[in-house]
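Q: no sequence for this one, just the structure:
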């Protein structure tokens, strides 16, 4: 979905919430109630001229549209999403082209009565044709997969917006960082329940937006490592955000270098080697956030022994999060196929990690990562 489409479906959902609030303040069919419902109907009608349906799905306390999580709405309207699932026992609301004022009124009444009546019988009684109230039963594994993949797509969208803002020299919106926290935490919760989900998610690739998907996959693999290390959940949340922002400095590298179909020359490598410092500088300007993302952005290429870049000297000890992200970063880069290079097999990438134990990589973390890969192969 484009940013414009996301903003439109967010606005429609806000209209639905507004119509529900008004419903409880005035007697039935009061002019204020009818006005709020008309605003919702008009917004839906405009959207449905270009699409034949609009579906809001509720899963795990989050709100989805077409497989995308709406992070802001999931935070602001979290109680409503929980109500839909836990009290009204509905998993989705679908609006079809041709929806009428009468159907909007009936839906708002149903949602406002706090699940006093079964959704299916209500829809039948009211004769709803262009409004569908879904009731789906999924297994725990299916739900985890849907939640995690939806949060993955939502996170990539936010990363896309952050990249665009930085390239256009706009101030980085702290709200986007909080949305990243919300979505990465959603992924974290699913990986805690099913650690092997980390490698399944990290297999999602995009040749066209490699940098964005790479950041997402490094985040997921880092979470997987952190879970296997039994890190407390509070630290896992911080690790997730630091990992997903580790390559933010690459937005300052010209695209022709990032996408070059062949070896980089010396000047291009010098430009590439600047991205950790650039990333740390960008993240240092964020107020009301901790410094771990800045530290990881700066250190993720320094190496366990300090022999990488930027040069920090042999006495500098990289932060444990930087060591985790370093392994995830290299593994995903090596195993990803791009138009100008073939990804190498997992075993070959693992052999390289073993060779660099104690040098580029923390040897204990390499051992843990190997355990993760072995467990995934046996699943």
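A: That came in fine, so what should we check first? As the structure is a computational prediction, the values presented were derived from the model and not from experiment. Numbering: from 1, shown residues only.

Q: When you work out contacts or count neighbours from here on, use the C-alpha atoms and nothing else.
A: Noted.

Q: tell me the pLDDT at residue 254?
A: The model reports residue 254 with a pLDDT of 86.

Q: which stretches of the stretch 1-150 of the chain form helices?
A: Taking DSSP state H, counting those that start in this stretch as the criterion, the stretch 1-150 of the chain contains helices spanning 3-23, 31-47, 71-76, 78-86, 101-112, 119-126, 140-167.

Q: buried ones in the last one?
A: Just to be clear, that refers to helix 140-167. Within helix 140-167, the residues that count as buried by 16 or more other Cα atoms under 10 Å are 144-163, 166.

Q: That helix vs helix 3-23, what angle?
A: 120 degrees (axes from the mean of the first three to the mean of the last three Cα atoms, to 10 degrees).

Q: Could you give the separation of helix 140-167 from the chain centroid?
A: Averaged C-alpha coordinates place helix 140-167 at 2 Å from its chain's average position (Cα atoms, centre = their mean, to the nearest Å).

Q: following it, which helix or strand shows up next?
A: From helix 140-167 onward toward the C-terminus, using DSSP states H and E, the following helix or strand is helix 174-193.

Q: for the record, mean pLDDT for that following helix?
A: Helix 174-193 shows an average pLDDT of 87 in the prediction.

Q: Which residues does that helix contact?
A: Helix 174-193 is contacted by residues 71-72, 144-145, 147-148, 151-152, 154-155, 158, 162, 197-198, 220, 223-224, 227, 236-237, 240-241, 286-287 when judged by Cα atoms under 8 Å, 6 or more residues apart in numbering.

Q: Please apply the same query to stretch 119-126.
A: The list of residues contacting stretch 119-126 from outside it, by Cα under 8 Å, 6+ apart, reads 88-90, 103, 106, 110, 132-133.

Q: Mind listing residues that contact the helix or strand hosting residue 270?
A: Following DSSP H and E, one finds residue 270 within helix 266-272. The set of residues external to helix 266-272 that reach it, using Cα under 8 Å, 6+ apart, is 250, 253, 257.

Q: ok, the nearest residue to residue 257 once chain neighbours are set aside to residue 166 distance?
A: For residue 257, the nearest residue in space outside its immediate sequence neighbours is residue 268; the separation is 6.5 Å by Cα to Cα, 6 or more residues apart in numbering. As judged by Cα to Cα, to the nearest Å, residue 268 and residue 166 stand 21 Å apart.

Q: Residue 364 too?
A: Here the distance between residue 364 and residue 166 works out to 36 Å (Cα to Cα).

Q: where does the stretch 151-300 of the chain dip in pLDDT?
A: Counting by pLDDT under 70, the low-confidence segments of the stretch 151-300 of the chain come to 205-208, 287-289.

Q: Inside strands: which ones of the contacts of helix 266-272?
A: Among the contacts of helix 266-272, none falls in strands (DSSP state E).

Q: Dump the residues you listed to CSV, plus neighbour count and distance to residue 39.
A: Compiled in CSV, those are given as follows (neighbours: other Cα atoms under 10 Å; distance: Cα to Cα, whole Å):
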residue, neighbour count, distance to residue 39
250, 20, 43
253, 17, 45
257, 16, 49
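
Q: of all these, which comes closest to residue 374?
A: Distance to residue 374, by Cα to Cα, is smallest for residue 250 among the contacts of helix 266-272, at 31.9 Å.
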